[in-house]
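In: Sequence first, then the predicted structure:
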Amino acid sequence: MKTSITFYGGVSEIGGNKIIVKDKDTKILLDFGMSFNVSKMYFDEFLQPRELSGLNDLIELGLLPNLKGVYRQDYLKHAGKATEEREIDALFISHAHADHANYIHYLREDIPIICTKETAVILRALEDTQARNAQYCTMFPKFEFYTNTKGKLSKLKKNCKEAESRMKKRTYIVLDSEKSVKIKDIELKLVRVDHSLCGAAGCILKTSKGNIAYTGDFRFHGRNSKLTERFVEVCKDENIKYLISEGTRISETNPNTEEEIEKQASELIKKTKGLVVVSIPVRDVDRITSFLGAAKENNRIFTISMKQAYLLRLLEEEHVNAPRINDSNIRIYIPLKDWGLLNRKDLDSELIASEYDMWERDFLTHKNIVTAEEIRKNHSKYIFQCNLFEFTQLLDVQPDSTGCYIRSSTEPFDPEMELDEARILNWLKHFGLGKINQMHAGGHAPGSEIKRLIETINPEVLIPIHTVKPRLFKKNVTVRKIVYPKLGKEVSI
Ligand SMILES: [Zn+2]
Ligand SMILES: [Zn+2]
């Protein structure tokens with residue numbers, strides 16, 4: 001039987017990686033992410049795939065590939081399809097960004113998932129704190145019925161007792177860097193890389209026709225640049241025949257380093273009298289570290305959201321090196337929700353807690369919390385974290401013209417984001433906060449470093465993915481052969 005690689009996403013687009021490597025009798029899936037491109041073609045915030053259709057809408061519109069032996073049986077049954085045998089032996093998740101991991105929800109629960117400890121933790125946090133279609137660790141069967149206590153047929157819902165007993169756990173194979181696992185004919189070695197999400201990794205697949213390396217998403221300018229350097233060294237020693245490399249920023253130069261972001265932020269905060277408002281990517285632990293550092297330098301307190309607190313607590317339980325929620329320069333920000341009863345002294349604490357989701361309730365009594373009331377009275381003490389979707393919080397903390405706003409996330413690159421930017425500026429103007437202070441280090445290596453990675457690894461064949469400019473690889477990189485993959489077409493090895 002032949003050896004091959006097939007790409008079902010990430011082809012001439014940024015993200016949506018879904019790659020199947022086949023060797024003899026073994027099939028390994030590399031990532032199973034959402035393509036923002038395809039999704040945006042059909043859907044938006046108010047126009048969403050119908051949950052009632054299970055897989056059908058997504059397959060019909062090309063968001064999910066039409067593959068056998070891959071998808072959840074409950075969804076197949078609901079679509080009137082026959083039971084299938086499992087055809088994928090394992091799934092490697094490079095990191096927990098949506099464009100690499102979002103569609104795990106739709107996969108059969110008996111496909112083992114290989115990743116780092118941090119990736120498993122982030123997926124767990126996403127499942128626990130996100131409302132729907134995030135069954136990354138546990139699978140509750142959907143579209144099933146049960147007989148209730150009155151003897152009547154009822155729909156099985158996630159929160160009913162019967163669902164508990166039918167719940168299935170996904171299997172995770174958590175690997176340290178440079179550790180391997182044998183999946184039938186293929187040996188998979190996980191190798192960590194640096195990226196804007198902790199726990200990112202690439203891998204090397206040892207097949208009967210030679211070694212295939214997959215970079216996942218990488219950079220050299222984060223706090224863990226040594227990991228990507230090591231990835232290059234390991235690949236160099238492993239004699240890579242096929243290298244599947246990302247190329248998001250192939251046309252760009254000289255990014256900021258994470259340390260530079262911390263320094264820039266600290267300098268601006270030093271000059272600011274009032275409230276510092278900052279937007280950062282929610283799960284970027286490196287960025288939390290940077291702003292915590294800038295807070296310490298300036299004797300301020302950095303606020304984190306409950307979602308971040310939930311993630312940091314899980315990371316602490318797993319002994320991952322990350323900021324701690326009990327740090328004296330951190331406070332967990334508890335926003336008003338529902339009827340806004342949080343500060344009502346005359347009400348029972350249980351009644352107040354009922355305004356919050358189950359996973360949030362633990363934090364209401366945590367010793368390290370802060371509310372808008374306190375921040376409003378003490379602007380000069382805080383760095384208040386607030387993303388655009390949370391901007392109504394500004395109405396409660398009331399920043400003024402003595403404060404400033406830092407956007408520590410990516411600059412707008414499409415019309416939708418331009419609209420968001422206009423909206424941000426309206427809010428800033430309303431509070432007299434001035435301009436957007438842009439400070440960001442992205443998650444991807446620039447062209448020169450992609451070139452260095454590829455030329456050092458020196459593969460026989462390069463396959464560029466996760467880029468809208470694959471042809472630039474030919475121009476910029478010296479490599480023996482480049483294969484440009486086509487969506488759904490097998491690349492034979
Ligand atoms: Zn990506
Ligand atoms: Zn990523």
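Out: Arrived safely, thanks for sending. Ligands and ions are numbered 1, 2, ... in the order given.
In: pretty sure residue 59 is in contact with residue 66, am I right?
Out: Yes: taking C-beta atoms under 8 Å as the definition, residue 59 is a contact partner of residue 66 at 5.2 Å. In short, each C-beta sits where N, CA and C put it, glycine included.
In: What are the boundaries of the strands in the stretch 101-250 of the chain?
Out: Using DSSP state E, counting those that start in this stretch, the strands of the stretch 101-250 of the chain run over 113-115, 138-139, 145-147, 153-155, 168-169, 172-174, 180-183, 186-192, 201-207, 210-214, 240-246.
In: Can you find the residue of the stretch 1-150 of the chain that comes nearest to ligand 2?
Out: Residue nearest to ligand 2 within the stretch 1-150 of the chain (C-beta to the ion): residue 97, separated by 3.6 Å.
In: per-residue confidence for the closest residue to that residue other than its chain neighbours?
Out: Excluding its sequence neighbours, the residue lying closest to residue 97 (C-beta to C-beta, 6 or more residues apart in numbering) is residue 197, at 5.6 Å. At residue 197, the pLDDT value in this model is 97.
In: In contact with residue 197: list those residues for me.
Out: 95-97, 122, 283-285, 443 (C-beta atoms under 8 Å, 6 or more residues apart in numbering).
In: what's the spacing between residue 169 and ligand 1?
Out: Taking C-beta to the ion, to the nearest Å as the measure, residue 169 falls 27 Å from ligand 1.
In: Number of residues surrounding the nearest residue to residue 147 once chain neighbours are set aside?
Out: Counting by C-beta to C-beta, 6+ apart, residue 153 is the residue found nearest to residue 147 once chain neighbours are left out, at 6.1 Å. For residue 153, the neighbour count with other C-beta atoms under 10 Å is 8.
In: cool, and residue 487?
Out: Residue 487 has 16 nearby residues by other C-beta under 10 Å.
In: who touches it in this structure?
Out: 7-9, 11.
In: now with 7 Å?
Out: 7-8, 11 (C-beta atoms under 7 Å, 6 or more residues apart in numbering).
In: and the residue most central in space within the chain, how far is that from ligand 1?
Out: By C-alpha atoms, centre = their mean, the chain has its centre lying nearest to residue 97, at 2.1 Å. Distance from residue 97 to ligand 1, counting by C-beta to the ion: 5 Å.
In: and if you look at residue 241?
Out: Distance, residue 241 to ligand 1, using C-beta to the ion: 24 Å.
In: How about residue 318?
Out: 23 Å.
In: Kindly check the end-to-end length of stretch 329-342 for me.
Out: 23 Å (C-alpha to C-alpha, to the nearest Å).
In: Pop out the phi and psi values for residue 299.
Out: phi 50, psi 40 (degrees, to the nearest 10).
In: what's in contact with the worst-scoring helix or strand of the chain on mean pLDDT?
Out: Here the helix or strand of the chain ranked lowest by mean pLDDT, DSSP states H and E is helix 161-166, holding a mean of 86. Applying C-beta under 7 Å, 6+ apart, the contact partners of helix 161-166 are 140-141, 146, 156-157.
In: Among the residues you listed, the buried ones, what's the ChimeraX command?
Out: Selection of the buried residues among the contacts of helix 161-166 in ChimeraX, burial being defined by 16 or more other C-beta atoms under 10 Å:
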select :140,141,146,156
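In: For the contacts of helix 161-166, which two are the farthest from each other?
Out: 140 and 146 (12.3 Å; C-beta to C-beta).
In: Contacts only, for residue 35.
Out: Residues in contact with residue 35 (C-beta under 7 Å, 6+ apart) are 9, 13, 15-16, 63.
In: Show me which of those is closest to ligand 1.
Out: Of these, the one sitting nearest to ligand 1 (C-beta to the ion) turns out to be residue 15, at 4.2 Å.
In: what is residue 370 paired to in the beta sheet?
Out: Beta-bridge pairing of residue 370 under DSSP bridges involves residue 333.
In: For burial, what's the neighbour tally of it?
Out: Residue 370: 19 surrounding residues under other C-beta under 10 Å.
In: With adjacent residues omitted, what lies nearest to whichever residue of the stretch 301-450 of the chain sits closest to ligand 1?
Out: Closest contact between the stretch 301-450 of the chain and ligand 1, by C-beta to the ion, is at residue 443 (7.6 Å). Of all residues not flanking residue 443 in the chain, residue 196 sits nearest, at 3.0 Å (C-beta to C-beta, 6+ apart).
In: Quick check: the gap between the residue nearest to residue 341 when sequence neighbours are not counted and residue 344.
Out: In this structure, residue 341 finds its nearest non-sequential neighbour in residue 352, 5.1 Å apart by C-beta to C-beta, 6+ apart. Residue 352 sits 7 Å away from residue 344, going by C-beta to C-beta, to the nearest Å.
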